[in-house]
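Undergrad: Next come a sequence and a model predicted from it.
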Amino acid sequence: MAGKDAPLGPVEATLRTFAIHNRIHLYLLDNLAPEAWLLTPPDGKGRTLAAIAAHIHSVRLMWLKAVKFAPLPEPVEKDAAVAEMKAALETSAAAMSTFLAGALETGRVPNFKPDAWAFVGYLIAHEAHHRGQMTQLARMLMYPVSKSVNFGLWEWGVR
């Protein structure tokens, strides 16, 4: 049995990375102004903060469906409350982690090239892009996240 400070294997380290990444989403949702959650973007185009979070969840479900993962988590409405959105993201992250555990062992994700490792990179890049959109939209709506929260989005060692 490895000691508590022993390095993780590649699969375990990647799953931990995805879990931290999801907790960063939850941290952001906890720190967005509730008043901004359903506000339309200032130019009247695009998604609300809630709809962006719902999109992240929906894309996870799309991929899980594409790889025939079951049972699929429930979809979430694009105007769901923060607590419901957080629960949905936790559920889809858990399902995705279960799928990824097997995919990373084989190195393959059906319908995705080149491999399972690139798929995890794709997921994190896609979702982080939308997390950036959320912080920008909050600022545009005049409800910016605090400087400490902005820095906190990068504190992966404590999330």
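TA: The structure has been received and is ready for your questions. Residues are numbered from 1 along each chain as shown.
Undergrad: Do you have the helices of this structure handy? List them.
TA: Per DSSP state H, the chain carries helices over the ranges 10-31, 49-66, 82-106, 116-140, 147-152.
Undergrad: for the second one, packing partners?
TA: Applying 3 or more CB pairs under 8 Å, 6 or more residues apart in numbering; DSSP states H and E, one finds that helix 49-66 makes contact with helix 10-31, helix 82-106, helix 116-140. The C-beta positions use only the backbone N, C-alpha and C, and glycine is treated the same way.
Undergrad: what is the orientation angle of the last one with helix 49-66?
TA: In this case it means helix 116-140. Angle of helix 116-140 versus helix 49-66, following axes from the mean of the first three to the mean of the last three CA atoms, to 10 degrees, is 170 degrees.
Undergrad: okay, now residue 83: neighbour count?
TA: Counted with other CB atoms under 10 Å, the neighbours of residue 83 add up to 9.
Undergrad: thinking again about what came up before, would you mind saying which of the helices of the chain lies nearest residue 75?
TA: helix 49-66 (6.2 Å; CB to CB).
Undergrad: Just the buried positions in the closest one, please.
TA: Across helix 49-66, burial judged by 16 or more other CB atoms under 10 Å covers 49-58, 60-61, 63-64.
Undergrad: and which of these is nearest to residue 77?
TA: Among the buried residues of helix 49-66, residue 54 lies closest to residue 77 (CB to CB), at 6.8 Å.
Undergrad: residues in contact with that closest one?
TA: Residues near residue 54 by CB atoms under 8 Å, 6 or more residues apart in numbering: 76, 77, 78, 80, 85, 88.
Undergrad: and residue 92, how far is that from residue 135?
TA: 21 Å (CB to CB, to the nearest Å).
Undergrad: just residue 43 next, same as before
TA: Residue 43 sits at a distance of 17 Å from residue 135 (criterion: CB to CB).
Undergrad: So which of the two has more stuff around it?
TA: Using other CB under 10 Å as the criterion, residue 43 and residue 135 rank with residue 135 on top: 18 against 7.
Undergrad: Leaving out sequence neighbours, find the closest residue to that one.
TA: residue 145 (5.7 Å; CB to CB, 6 or more residues apart in numbering).
Undergrad: That neighbour touches residue 30, doesn't it?
TA: No: in this structure, residue 145 is not within contact of residue 30 by CB atoms under 8 Å, at 10.2 Å.
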